[in-house]
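Novice: Give me a 3D structure for the following:
(chains A and B)
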Number of protein chains: 2
Amino acid sequence: MAQHRVGLVVLVDAKDPFKTVGVVSERDVVRAVAYEIDLEAPAETIATKNVVTIDHSEHVAKAAEAFRKHGIRHVVVTKDGKLYGVLSIRDLIREEAVLRELAAYYEWTFEPGMTA
Amino acid sequence: MAQHRVGLVVLVDAKDPFKTVGVVSERDVVRAVAYEIDLEAPAETIATKNVVTIDHSEHVAKAAEAFRKHGIRHVVVTKDGKLYGVLSIRDLIREEAVLRELAAYYEWTFEPGMTA
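Specialist: Sure thing, here's the model as predicted:
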């Protein structure tokens, strides 16, 4: 994570590289440090097993909702139930078109003044 | 950080609580783990000293630019040069109004297809 400057590592099944079994986020590492978990232990020891996923065909606002609802910064994207990629909170602020899509979605979905 | 679920801790001068001397992000902790830095050492050992700040009166898009340009997720907000708060990448996707402000700013600032 430090070397590649990534915020999430996806753990996959040893026999099926498209099957997600967990994720390790920077927060998982911080938590492991805080609670003095042995950092030499296998990654799955500190991994989040209850992975939040969205299908590749879903609206980008679904990812934003997941980020807000779960307080996370990455969702695993699936296609036909298989690992397809990762979408990060950073991806949402890259392009004007995405921002406008999100704004339009919020407009008729969320209550005014609602906070995440 | 783990206990309060925050992504950034701001280190301030011992004599002046409004003077930022560094920040510790989750990434700093991950980097410390990766490079086997002693985690019992003072926080400033792993802190980022070159802190990215924006003035409280600046447009929110300036924060978005900083997030993109520096690959960070938090900026320290100052008022009259003093520590005023922290703005996170998550704060940018909370409200429709902010999303629209960002989109409008991108429209006439960034080249089409430009990536962070």
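
Novice: can you tell me which strand in chain A is longest?
Specialist: Under DSSP state E, the strand in chain A containing the largest number of residues is strand A:16-25.

Novice: Give me the buried stretch members for that one, please.
Specialist: The neighbour-count criterion (16 or more other C-beta atoms under 10 Å in any protein chain shown) identifies A:20, A:22, A:23, A:24, A:25 as the buried residues of strand A:16-25. C-betas here are computed from N, CA, C, even on glycine.

Novice: May I have the phi/psi pair for residue A:11?
Specialist: Main-chain dihedrals, residue A:11, degrees, to the nearest 10: phi -90, psi 130.

Novice: State the distance from the nearest residue to it once chain neighbours are set aside to residue B:90.
Specialist: Distances taken as C-beta to C-beta, 6 or more residues apart in numbering or on different chains place residue A:22 nearest to residue A:11, at 4.3 Å, with adjacent residues excluded. Counting by C-beta to C-beta, to the nearest Å, the gap from residue A:22 to residue B:90 is 23 Å.

Novice: Quick check: the gap between residue A:1 and chain B.
Specialist: If you measure residue A:1 against chain B using C-beta to the nearest C-beta, to the nearest Å, the figure is 5 Å.

Novice: go on, residue A:62?
Specialist: Counting by C-beta to the nearest C-beta, the gap from residue A:62 to chain B is 13 Å.

Novice: That residue and residue B:89: what is the separation?
Specialist: Relative to residue B:89, and taking C-beta to C-beta, residue A:62 is found at 18 Å.

Novice: The two: which has the busier surroundings?
Specialist: The neighbour count for residue A:62 versus residue B:89, taken as other C-beta atoms under 10 Å in any protein chain shown, is higher for residue B:89 (23 against 15).

Novice: Tell me who's in contact with that one.
Specialist: For residue B:89, the residues meeting the contact criterion (C-beta atoms under 8 Å, 6 or more residues apart in numbering or on different chains) are A:73, A:89, A:90, A:93, B:67, B:73, B:74.

Novice: Next, format the residues you listed as TSV and append pLDDT.
Specialist: Written out in TSV, the entries for those read as follows (pLDDT from 0 to 100):
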residue	pLDDT
A:73	95
A:89	96
A:90	95
A:93	93
B:67	95
B:73	95
B:74	97
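
Novice: Sitting in strands, which of those residues do you find?
Specialist: residue B:74.

Novice: which element is residue A:105 on?
Specialist: When secondary structure is defined using DSSP states H and E, the element that contains residue A:105 is helix A:96-107.

Novice: Next, report how far that helix is displaced from the centre of its chain.
Specialist: Distance of helix A:96-107 from its chain centroid, counting by C-alpha atoms, centre = their mean, to the nearest Å, is 19 Å.

Novice: Pull out the buried residues from it.
Specialist: For helix A:96-107, by 16+ other C-beta under 10 Å, it's A:96, A:98, A:99, A:100, A:101, A:102, A:103, A:105, A:106.

Novice: relative to helix B:96-107, how tilted is it?
Specialist: When axes from the mean of the first three to the mean of the last three C-alpha atoms, to 10 degrees is applied, the directions of helix A:96-107 and helix B:96-107 differ by 160 degrees.
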